[in-house]
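1. Any chance you can model this:
(one chain, ligands or ions: 1)
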Amino acid sequence: MSRPFVNWSGSLTFTPSGYAEPADEDEVRELVLRARESGTTLRPVGSGHSSSPLVRTDDGILVSLDRMGGVVDQAGERATVRGGSRLKALGEGLYEAGLAMDNLGDVDYQSIAGATATGTHGTGLGFGNLSTQVAELRLVTGTGEVLDVSATRNTDLLPAARLSLGALGVVTQLTLDVQPRYELRRMALCAPIEWTLDHLAELQHTNRNMDFYWYPRSDLTQIRTLNRAEDPIEGRMWAPRRVVGSGPWNEPRELKIGPTHRTIPQDRTLRFEEIEYMLPSEAFPACFAEVRRRILNRHRRTVAWRVLVRTIAADDIWLSNAYGRSTTTIACLQNTSLPYEEYFRDMEAVFRQYGGRPHWGKKHWLTARELRPLFPRWDDFQAARRRLDPDGVFLTPDLARLLEEA
Ligand SMILES: Cc1cc2nc3c(=O)[nH]c(=O)nc-3n(C[C@H](O)[C@H](O)[C@H](O)COP(=O)(O)OP(=O)(O)OC[C@H]3O[C@@H](n4cnc5c(N)ncnc54)[C@H](O)[C@@H]3O)c2cc1C
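-> Numbers count the residues shown, from 1 in each chain. Model (predicted):
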């Protein structure tokens, strides 16, 4: 049965020709085989939190794994989970088993297959994006083959499959590297932007996770940190006795203590659009200075929201936006009731000057021609894609623009 699809922010709407919610891997296989035979496209969809048109298909079938969630198995510090698991439920399931994912992004509404398909990330110098937590996975390829990819099976495909935009197949199962569960303390502090930038390296190095929001209208920042609950807070850069002076300074506030999956993600009720680019960390200071200058000079009156700065550890995943480099990210958010395109395009021009790579799931305007030089293993990914999906079952026009040079 077909029904209109609307993504979380409301900027992506379309009506696929069909919608399927398979109950198991056999049903996924049948869908793929039927689509291949009839020349229809299939797009796997998670929770619909991406605002780039990765899942759009006007004449194809949208496949949701909403009926295929939950923890399948655990052994030591590995947990095997179904692709349709939502992060929130997954966090609870792992917690009950005494386990936790090592890091998470800012929300937990996404599905695990959807989040890892775009390289969803949190913050912290020592943490890669969520795709780096994927040790093994199983997917139904464009030929209907059920393929296990791991350190011992089809290993050559692992750096392609851990972050694949749903272009290699439908990911039905993932084995994650997990940790014994533990508690984190979330704290926040308000400070002028200059102070935050001056102390950024120290803030990043002395906290497990650190990020900050910059508010263009006030030129203030909100610094957010997460540390293990048992770690002393004394002596950290932002401990109260060291944050002194006049002006709009706040005492650091403790917001929450709790298990990782309830402390890292936040609730988001206000809807927003977002562009986020991943920069080589060494390019961040100059890039941020230019972003700030442009926003203050050109966009301050129309930018109603904040800019978020985070870090991601380097990895070796071919389409990861942190491939081969320690990464600092800049995300510009805009309330959905306001226009975003002129602002975001202006920011994209700056990000590109500094070697930025776009977040796959957020707004950007790049196509394969501009993307290819940004990813050293681009051609290897495309070769893997053609091998696993020779007839383009998963290749909608939007994906073709993204992955195939005209
Ligand atoms: C409020 C909000 C907060 C966010 N916070 C962050 C953040 O902190 N950090 C960050 O990096 N990003 C963040 N994002 C972006 C978001 O994490 C990504 O867009 C993510 O991919 C969305 O996951 P999803 O389950 O909604 O997948 P969808 O958006 O539905 O799909 C994303 C991609 O996954 C593919 N896919 C889905 N399921 C499967 C499957 N079973 N097999 C194969 N491919 C599949 C789709 O084809 C598509 O290419 C945020 C987005 C929103 C709206």
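
2. List the contacts of the most centrally placed residue in the chain.
-> Geometric centre of the chain, nearest residue: residue 120, 1.5 Å, by CA atoms, centre = their mean. Counting by CB atoms under 8 Å, 6 or more residues apart in numbering, residue 120 touches 105, 110, 129-131, 361. Using the backbone N, CA and C atoms, a C-beta is placed for each residue, glycine as well.

3. Go again with 7 Å.
-> Residues near residue 120 by CB atoms under 7 Å, 6 or more residues apart in numbering: 105, 110, 129-130, 361.

4. Could you dump those residues into a markdown table with pLDDT, neighbour count and secondary structure added?
-> Listed next are the contacts of residue 120 as a markdown table, based on pLDDT from 0 to 100; neighbours: other CB atoms under 10 Å; DSSP: H, G, I helix; E, B strand; the rest coil:
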| residue | pLDDT | neighbour count | secondary structure |
| --- | --- | --- | --- |
| 105 | 97 | 20 | coil |
| 110 | 97 | 28 | coil |
| 129 | 98 | 29 | coil |
| 130 | 98 | 26 | helix |
| 361 | 98 | 24 | coil |
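
5. near the ligand too, which of the residues you listed?
-> With CB under 6 Å from any ligand atom as the criterion, the contacts of residue 120 include 105, 110, 361 near the ligand.

6. Contacts only, for the first one.
-> Contacts for residue 105 (CB under 7 Å, 6+ apart) come out as 120-122, 130.

7. hmm, try it at 8 Å
-> Counted by CB under 8 Å, 6+ apart, residue 105 has contacts 115, 120-122, 130, 264-265.

8. Closest one to residue 74 out of those, please.
-> residue 130 (18.0 Å; CB to CB).

9. thought that closest one was touching residue 116?
-> Yes - with contact defined as CB atoms under 8 Å, residue 130 and residue 116 form a contacting pair (5.1 Å).

10. on that earlier part again, could I get the contacts of residue 105 as a markdown table with distance to residue 330?
-> Formatted as a markdown table, the contacts of residue 105 follow (distance: CB to CB, whole Å):
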| residue | distance to residue 330 |
| --- | --- |
| 115 | 20 |
| 120 | 16 |
| 121 | 13 |
| 122 | 15 |
| 130 | 19 |
| 264 | 20 |
| 265 | 21 |
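
11. Now, these that are in helices?
-> residue 115 (DSSP state H).

12. Which among the contacts of residue 105 count as buried?
-> Among those, the ones that count as buried by 16 or more other CB atoms under 10 Å are 115, 120-122, 130, 264-265.

13. Which of the residues you listed sits closest to residue 290?
-> residue 121 (22.7 Å).

14. gap between the closest one and the ligand?
-> 4 Å (CB to the nearest ligand atom, to the nearest Å).

15. how about that residue, what does it touch?
-> So residue 121 contacts 103, 105, 127-130, 310, 312, 322, 329 (CB under 8 Å, 6+ apart).

16. I'd like the contacts of residue 120 written out as TSV, with distance to residue 40 added.
-> Below are the contacts of residue 120 laid out as TSV (distance: CB to CB, whole Å):
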residue	distance to residue 40
105	32
110	26
129	32
130	30
361	24
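
17. between the contacts of residue 121, which has the most around it?
-> Of those, residue 129 is surrounded by the most neighbours, 29 neighbours in total, counting by other CB atoms under 10 Å.

18. Give me the phi and psi for the residue nearest to that residue when sequence neighbours are not counted.
-> Leaving aside its sequence neighbours, residue 129 sits nearest to residue 121 (CB to CB, 6 or more residues apart in numbering; 3.7 Å). Main-chain torsions, residue 121, degrees, to the nearest 10: phi -140, psi 160.

19. Would you confirm that residue 137 contacts residue 173?
-> Yes - in this structure, residue 137 is within contact of residue 173 by CB under 8 Å, at 6.5 Å.

20. who's more crowded, these two?
-> The neighbour comparison of residue 137 against residue 173 (other CB under 10 Å) goes to residue 137, with 28 against 23.

21. Tell me which stretches of the stretch 101-250 of the chain form helices.
-> Shown for the stretch 101-250 of the chain, the helices assigned by DSSP state H, counting those that start in this stretch span residues 112-117, 158-161, 193-198, 200-206.

22. right, and these - which one's nearest residue 366?
-> helix 112-117 (17.5 Å).

23. Mind listing residues that contact the closest one?
-> 44-47, 49-50, 54, 65, 81, 83-87, 90, 105, 130-131, 133-134, 162-166, 171, 174, 176, 360.

24. And for stretch 370-380?
-> 159-160, 318-319, 323-324, 352, 355, 357-358, 381, 402, 405.

25. Just the ones in strands from these, please.
-> 357-358 (DSSP state E).

26. which among the contacts of stretch 370-380 end up buried?
-> Judged by 16+ other CB under 10 Å, buried ones among the contacts of stretch 370-380: 159-160, 318-319, 323, 352, 355, 357-358, 381, 402.

27. in the stretch 101-250 of the chain, which spans are strands?
-> Using DSSP state E, counting those that start in this stretch, the strands of the stretch 101-250 of the chain run over residues 134-141, 146-149, 169-177, 179-180, 183-192, 209-215, 220-228.

28. the inter-axis angle of the first one versus strand 169-177?
-> What it means is strand 134-141. 160 degrees (axes from the mean of the first three to the mean of the last three CA atoms, to 10 degrees).

29. from the buried ones among the contacts of stretch 370-380, which is closest to the ligand?
-> Closest approach to the ligand among the buried ones among the contacts of stretch 370-380 (CB to the nearest ligand atom): residue 402, at 9.6 Å.

30. And the contacts of residue 120, which two are furthest apart?
-> Most distant of those, by CB to CB, are 110 and 129, 12.5 Å apart.
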